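Trainee: Below is the sequence, then the predicted model.
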Amino acid sequence: MSWTDDRVETLKKMWGEGQSASQIAKELGGVTRNAVIGKVHRLGLSNRATSGTAAKADAKPKTAKAAPKPKAKAAPKEVRQEPKTESAAPPKSTLPARKQIIPAGQPLPPQPSANEISPEALAKVNEVERNSKKISLMELTERTCKWPVGDPATEEFWFCGLPVKQGKPYCEAHVGVAFQPMSSRRDRRR
């Protein structure tokens with residue numbers, strides 16, 4: 001199914017009339033409700049009146065009226081908030097922390113997981129990496145350790161390549177770093 005100009009016009013017309021995405025999909029034929037919703041968002045049509053009367057009220061021309069005279073001791077008016085049609089961003093305190101994007105070729109910041117690795121495991125990994133096969137991505141197989149070493153944006157990037165531990169993607173030394181027991185990680189946090 002392709003979105004022809006006629007189909008897009010039909011979609012716009014029906015969406016403006018307040019038809020649901022399911023109704024529009026049924027009318028167009030050969031298109032799903034989700035496809036209609038996606039097209040509506042790509043066209044920027046997602047804002048529409050919630051009822052027909054609200055749309056008609058907005059269509060009437062507005063004329064300037066004289067300001068009403070204030071009443072003595074008027075009761076406070078109840079402020080009615082209209083539901084927002086656009087998604088509002090939640091307060092910044094509730095947003096998850098975004099990962100920093102580092103341009104290619106730039107050094108990576110210190111990784112917090114390095115502090116959690118025991119010195120013995122690091123010594124073993126350093127020894128293994130000195131003796132590793134240093135293979136490229138194209139040389140990886142199911143039997144080679146897939147532990148990446150270095151910065152992928154540089155020429156010095158490679159994979160360990162030593163034989164893997166049964167059922168794991170890494171060699172024995174890298175398994176010791178990658179798959180730590182849960183209890184030891186909990187103990188380090190305290």
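Mentor: Yep, it's here. Numbering: from 1, shown residues only.
Trainee: Which parts of the chain belong to which domain?
Mentor: With domains defined by automatic domain parsing, the chain comprises 5-58, 113-189.
Trainee: What's the mean pLDDT across the last one?
Mentor: Model confidence over domain 113-189, given as mean pLDDT, is 80.
Trainee: Residue 36: neighbour count?
Mentor: 23 (other Cβ atoms under 10 Å). Using the backbone N, CA and C atoms, a C-beta is placed for each residue, glycine as well.
Trainee: three-state assignment of it?
Mentor: Three-state assignment for residue 36 (DSSP: H, G, I helix; E, B strand; the rest coil): helix.
Trainee: Provide a list of residues in contact with the residue nearest to residue 134 when sequence neighbours are not counted.
Mentor: Nearest non-adjacent residue to residue 134, counting by Cβ to Cβ, 6 or more residues apart in numbering: residue 158, 4.3 Å away. By Cβ atoms under 8 Å, 6 or more residues apart in numbering, the contact list for residue 158 reads 132, 134, 135, 136, 148, 149, 150.
Trainee: Isn't the first one up against residue 144?
Mentor: Yep, that's residue 132 we're talking about. No: Residue 132 lies out of contact with residue 144 (Cβ atoms under 8 Å); the separation is 9.8 Å.
Trainee: related to what we said a few turns ago, of the contacts of residue 158, which is the nearest to residue 41?
Mentor: residue 148 (37.3 Å; Cβ to Cβ).
Trainee: so what's the closest residue to the closest one other than its chain neighbours up against?
Mentor: Excluding its sequence neighbours, the residue lying closest to residue 148 (Cβ to Cβ, 6+ apart) is residue 159, at 5.8 Å. Applying Cβ under 8 Å, 6+ apart, we find residue 159 in contact with 134, 135, 136, 137, 139, 140, 144, 145, 146, 147, 148, 149.
Trainee: How about residue 159: which residues does it bridge to?
Mentor: residue 135, residue 148 (DSSP bridges).
Trainee: Would you mind checking the contacts of residue 159 for buried ones?
Mentor: The neighbour-count criterion (16 or more other Cβ atoms under 10 Å) marks 135, 144, 145, 146, 147 among the contacts of residue 159 as buried.
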